[in-house]
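Engineer: sequence and predicted structure are below.
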Amino acid sequence: MSTNNQSLLKHTGILNLEDASVVMVSTEWNDAVTNELVAGCERTLRENKVTKLCKVVVPGAFELPFAVKQYWESTKGTGKQPSAIIAFGCVIRGGTPHFEYVCQAVTDGILQLNLQLPIPVIFGVLTVDNQQQADERIGGIHGHKGEEAALTALKMVSFLRKLAK
């Protein structure tokens, strides 16, 4: 989902979601990138009047699915369960197969969460070959993936609410 200087995702299809709650789970690893993903996400959510936000930080991308699942489980029965969770990370290819293992595990983990949890879990993990590609995805030529993840979360919350009617 890349464009030249502009996101393909528009604000269309988003209901008034001021009461929505979004959790952003991000990694410490490559934090210059993940912090910018979270900042862009937060800006977009606030532009859409979503103020119930929570941020959780984990060591690395491999820990994202576990943290998402544990956050969900810890909020059961509290009335504080989120409307959506967004997982942010950045995995940069190195010289070993580690990149492939981590990327596959995180992708599979978030897929499984989407199938198990009753809320959307948005994949905001950059899997790039180098820092330049990461930079291009946090406000560069390929848009801002944090902003796109926020819009995706809002659209999925709207989708769920339309189904519930």
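Structural biologist: Sure, I can see it. Numbers count the residues shown, from 1 in each chain.

Engineer: CA atoms for contacts and neighbours, from now on please.
Structural biologist: Fine.

Engineer: quick one, phi psi at Lys80?
Structural biologist: Dihedral pair for Lys80: phi -110, psi 20, per degrees, to the nearest 10.

Engineer: same question but for Phe88, I mixed them up
Structural biologist: Dihedral angles (degrees, to the nearest 10) for Phe88: phi -120, psi 130.

Engineer: you'd agree it is up against Met24?
Structural biologist: Yes - using Cα atoms under 8 Å, Phe88 is in contact with Met24, at 7.1 Å.

Engineer: joint contacts of the two?
Structural biologist: Val38 (Cα atoms under 8 Å, 6 or more residues apart in numbering).

Engineer: neighbour count winner among these two?
Structural biologist: Using other Cα atoms under 10 Å, the more surrounded residue of Phe88 and Met24 is Phe88, with 31 against 23.

Engineer: now the more buried one, which residues is it bridged with?
Structural biologist: Using DSSP bridges, the bridge partners assigned to Phe88 are Ser26, Gly124.

Engineer: what does His144 give?
Structural biologist: Beta bridges link His144 to Ile138 when assigned by DSSP bridges.

Engineer: mind pulling up the pLDDT for it?
Structural biologist: pLDDT for His144: 98.

Engineer: residue contacts, it?
Structural biologist: Counting by Cα under 8 Å, 6+ apart, His144 touches 7, 37, 40, 137-138.

Engineer: okay, and Cys54 sits in which element?
Structural biologist: Secondary structure from DSSP states H and E places Cys54 in strand 52-58.

Engineer: in that strand, which residues are buried?
Structural biologist: Residues 52, 57-58 are the ones in strand 52-58 that count as buried (16 or more other Cα atoms under 10 Å).

Engineer: coming back round to it: top of the contacts of His144 by number of neighbours, please.
Structural biologist: Highest neighbour count within those, by other Cα under 10 Å: Leu37, with 29 neighbours.

Engineer: and Arg161, how far is that from Ser83?
Structural biologist: From Arg161 across to Ser83, the span is 10 Å (Cα to Cα, to the nearest Å).
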